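A.B. asks: predicted model and sequence below, questions to follow.
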Amino acid sequence: MLRGSLYSAVYWGVIGVFEPSFNVHLQNLGITGSQIGLLGAILPFLQLWVAPLYSGWADRLGKRRWMLAGALLAVAVVLFLFPWARTFPAVLVLSFLLALGRSPTVGLGEGVSARMAARHGLEYGRMRMWGSVGFGIIAILCGYIWSRIGTTSMFPAAAVMALLAALAVGFLEEEPPAQGPAQRFPLREIRSNRVIVVLLIGSFLIGGALWLGVIFGGVYMTDLGGGLEMVGITVGLPAFLEVPAMYLSGRLVRRWGGTKTLLLGYALVGAYFLGLAVVKTPMLALLMALLRGPGFGLFMVSTVVLLERNAPPGWAATVVALMSSVSFGLAPLLSSPLGGWIYQHLGPQTMFAFAAALVGAGALALWWGREKPAPGSGPAA
């Protein structure tokens, strides 16, 4: 538990250093909303293709830790170079390279951590919640610092954190490589598993909405008159609220069942986007953001746990990476450019209403495709 929690805290700390203020940095460089939307589509595009292929390769070789550490080292190198990117073409090139290294890290890291937790009889949510703690503390602290010394300094700081994350990979446990028939990607088994298919559909829809919040949440806060301190608080404070949701997620899944737990998470995320569609002050936007934390916590942990339980033997990391590529790859790839256009031409309120509609569609898909428990099987089924 301690080793898995440490890796999670350090890894998500890397993201907390630069991601909340990244698009504000781009805006300060003179990059337009449509261009920000285009840049925001790069990581989802690469997650769609790179994450499952890279994780599948790691599963076959049994080198998950080494390949995860290598990707994090590549992220560190690119982050060191980012302060010299001052034009859109330069930012475009480095954003592509950063996304190339970063794209497999979430799915591979979460898959390895979830398997390690299951192997030792631990609750994955209680391990993953320390990632939210690390992200929240660092996001709030860095928002305060970058508002005073400038956003350029966040890149070398994030690079150092990425190096520490690469070292923290050593605390995770490796599994043997997939053997025998499992050497082939189990597409047929995945397609025939109702639970996995429904989770992927719901993750696709809510992932597109969440990515719009990542890209434009900080930009909208500055448009409302909030500074980088408010951007950091808006991103970091909800991360702390992910902690109780992640801590309790395993218990809720056992008591309510996976579908109801996920629907609660979807409802909270949808309320967050609906709130942003109507509020017009920084403080009210911050209050709406408080709903996102527990909503995302329930969504992320419950989805990963259910995927790990239903994955074909030896392919847990790959199936989780597939979810990552769908929810943070394919869906954002489609929603990001459209969201950028809506934000620039129709206004932020319309864009956030669009995001809420995506979450609602995901909730309907989960409810429609839910499995009916057998008579007398209880809610945990």
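C.D. replies: All right, it came through fine.
A.B. asks: please make it C-alpha for all contacts and neighbour counts, starting now.
C.D. replies: Fine.
A.B. asks: contact partners for the closest residue to Arg126 other than its chain neighbours?
C.D. replies: Leaving out its chain neighbours, the residue that sits closest to Arg126 by Cα to Cα, 6 or more residues apart in numbering is Tyr247, at 4.8 Å. Shown in contact with Tyr247 (Cα atoms under 8 Å, 6 or more residues apart in numbering): Gly125, Arg126, Met129.
A.B. asks: the helix or strand hosting Leu97: how far from the chain's middle?
C.D. replies: Using DSSP states H and E, Leu97 maps to helix 88-102. Taking Cα atoms, centre = their mean, to the nearest Å, one finds helix 88-102 lying 18 Å from the centre of the chain it belongs to.
A.B. asks: which strands and helices sit next to it?
C.D. replies: helix 42-61, helix 64-81 (3 or more Cα pairs under 8 Å, 6 or more residues apart in numbering; DSSP states H and E).
A.B. asks: among these, which comes closest to Ser153?
C.D. replies: helix 64-81 (9.9 Å; Cα to Cα).
A.B. asks: got the angle for the closest one vs helix 88-102?
C.D. replies: Angle of helix 64-81 versus helix 88-102, following axes from the mean of the first three to the mean of the last three Cα atoms, to 10 degrees, is 160 degrees.
A.B. asks: got the angle between helix 64-81 and helix 42-61?
C.D. replies: 150 degrees.
A.B. asks: quick check: buried residues in helix 64-81?
C.D. replies: Neighbour-count burial for helix 64-81 flags 64-65, 67-80 (criterion: 16 or more other Cα atoms under 10 Å).
A.B. asks: please apply the same query to stretch 245-265.
C.D. replies: Those would be 245-250, 252-253, 257-265, for stretch 245-265 by 16+ other Cα under 10 Å.
A.B. asks: for stretch 121-134, same thing?
C.D. replies: In stretch 121-134, counting by 16+ other Cα under 10 Å, buried: Glu123, Tyr124, Gly125, Arg126, Met127, Arg128, Met129, Trp130, Gly131, Ser132, Val133, Gly134.
A.B. asks: need the residues you listed in JSON lines (columns: distance to Met230).
C.D. replies: Output for the buried residues of stretch 121-134, formatted as JSON lines (distance: Cα to Cα, whole Å):
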{"residue": "Glu123", "distance to Met230": "33"}
{"residue": "Tyr124", "distance to Met230": "31"}
{"residue": "Gly125", "distance to Met230": "28"}
{"residue": "Arg126", "distance to Met230": "28"}
{"residue": "Met127", "distance to Met230": "28"}
{"residue": "Arg128", "distance to Met230": "25"}
{"residue": "Met129", "distance to Met230": "23"}
{"residue": "Trp130", "distance to Met230": "23"}
{"residue": "Gly131", "distance to Met230": "21"}
{"residue": "Ser132", "distance to Met230": "18"}
{"residue": "Val133", "distance to Met230": "18"}
{"residue": "Gly134", "distance to Met230": "18"}
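A.B. asks: between the residues you listed, which is nearest Lys280?
C.D. replies: Ser132 (27.2 Å).
A.B. asks: and that closest one, what is it in contact with?
C.D. replies: Contacts of Ser132 by Cα under 8 Å, 6+ apart are Ala9, Trp12, Ala239, Phe240, Glu242, Val243.
A.B. asks: low-confidence stretches in this structure?
C.D. replies: 33, 176-189, 192, 227-229, 235-236, 313-317, 369-381 (pLDDT under 70).
A.B. asks: next, name the residue at the spatial heart of it.
C.D. replies: Phe328 (6.6 Å; Cα atoms, centre = their mean).
A.B. asks: that residue against Leu46, yeah?
C.D. replies: No - Phe328 is beyond contact range of Leu46, at 9.7 Å (criterion: Cα atoms under 8 Å).
A.B. asks: show me the contacts for the nearest residue to Leu72 once chain neighbours are set aside.
C.D. replies: Computed as Cα to Cα, 6+ apart, the closest residue to Leu72 that is not its neighbour in sequence is Ala166, at 5.5 Å. Neighbouring residues of Ala166 by Cα under 8 Å, 6+ apart: Leu68, Ala69, Gly70, Leu72, Leu73.
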